[in-house]
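Peer 1: next comes the sequence, and after it the predicted model I'd like to discuss.
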Amino acid sequence: MKNNFIEEIILTHEEIADICKKFGEEITEEYQDKRPILVGLLKGSVPFMSELMKYIKCDMEIDFIQASSYSGVKSTGAVMVLKDMITPVKDRHILLVEDIVDTGLTLREVMNLFQDRGAASIEIITLLNKPDGRTVNTVVPKYIGKTIPNKFVVGFGLDYNELYRNLDYVGVLKEAVYKK
Ligand code: IMP
């Protein structure tokens, strides 16, 4: 059921579950003997990560990193690592788990960091992709749940000023909510 601050539903909970199941099966096959580390970008990836990992049936680990370039509905451009991960990444296969890729700035910085630390491989898995917002062409997600237009969305981890992460679906936020 759509809340009154939502203009349009982008992904229902059932659609999200189907996406996670499909990705889970693909990852299970591709990473069978690689013991990948799923690295969630805090905080938005948390619901996606927990849904996704249920469907991965090979050995794997999880960890989290927090990097931020956002304030309100706009990217600020500068990326800061606010919380680093604990697991050493040298020679490990990394799957970066994101809620949405927009400009790509956050992931570019995080990928550079992991490359410097000697990761064996780095791939991106994202629930949503906003290619119209992209300013970095080196960030190419391997797994994309859904490609969407350049609209501001919330729910299933995605927030507007820390609100709405708890919705079990993803929807476009009504402009009236942030254009006051
Ligand atoms: P990027 O560095 O511009 O690719 O930004 C990625 C991050 O920006 C995501 O992990 C989100 O936290 C945030 N973000 C980008 N677009 C949206 C949106 O439509 N709604 C909520 N957060 C967004």
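Peer 2: Yep, that arrived.

Peer 1: contacts, neighbours, all on C-alpha from now
Peer 2: OK.

Peer 1: which secondary structure elements does the longest helix along the chain contact?
Peer 2: Ranked by number of residues, the top helix in the chain under DSSP state H is helix 13-30. Contacts defined by 3 or more Cα pairs under 8 Å, 6 or more residues apart in numbering; DSSP states H and E place helix 13-30 against helix 46-53, strand 143-147.

Peer 1: then the helix or strand following it to PDB, C-alphas only?
Peer 2: Toward the C-terminus, helix 13-30 is succeeded by strand 37-41 as the next helix or strand (DSSP states H and E). Provided in PDB are the C-alpha atoms of strand 37-41 (Å, rounded to 0.1, in the frame of the first residue of the first chain):
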ATOM      1  CA  ILE A  37      32.800 -10.600   1.000                       C
ATOM      2  CA  LEU A  38      29.500  -8.700   0.500                       C
ATOM      3  CA  VAL A  39      30.400  -5.200   1.500                       C
ATOM      4  CA  GLY A  40      27.300  -3.100   2.200                       C
ATOM      5  CA  LEU A  41      27.500   0.700   1.900                       C
END
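
Peer 1: near the ligand at all, strand 37-41?
Peer 2: No. Judged by Cα under 6 Å from any ligand atom, strand 37-41 stays clear of the ligand, getting no closer than 6.9 Å.

Peer 1: so what's the residue nearest the centre of the chain closest to, chain neighbours aside?
Peer 2: In the chain, the residue lying closest to the centroid (Cα atoms, centre = their mean) is Glu98, at 1.1 Å. Once flanking residues are discounted, Glu98 sits nearest to Thr126: 4.6 Å by Cα to Cα, 6 or more residues apart in numbering.

Peer 1: confirm that the one you found sits in a helix.
Peer 2: No. Counting by DSSP: H, G, I helix; E, B strand; the rest coil, Thr126 is not part of a helix but strand.

Peer 1: who does it bridge with?
Peer 2: Here Thr126 sits in beta bridges with Glu98, Ile144, as judged by DSSP bridges.

Peer 1: and it, how far from Val97?
Peer 2: 6 Å (Cα to Cα, to the nearest Å).

Peer 1: more neighbours: which of these two?
Peer 2: Shown here are Thr126 and Val97; by other Cα atoms under 10 Å, Val97 has more neighbours (27 against 22).

Peer 1: quick check: Asp63 touching Ile37?
Peer 2: Yes. At 6.9 Å, Asp63 counts as touching Ile37 under the criterion of Cα atoms under 8 Å.

Peer 1: more neighbours, the two?
Peer 2: Ile37 (22 against 15).

Peer 1: contact partners for Leu11?
Peer 2: Residues in contact with Leu11, defined by Cα atoms under 8 Å, 6 or more residues apart in numbering, are 169-171.
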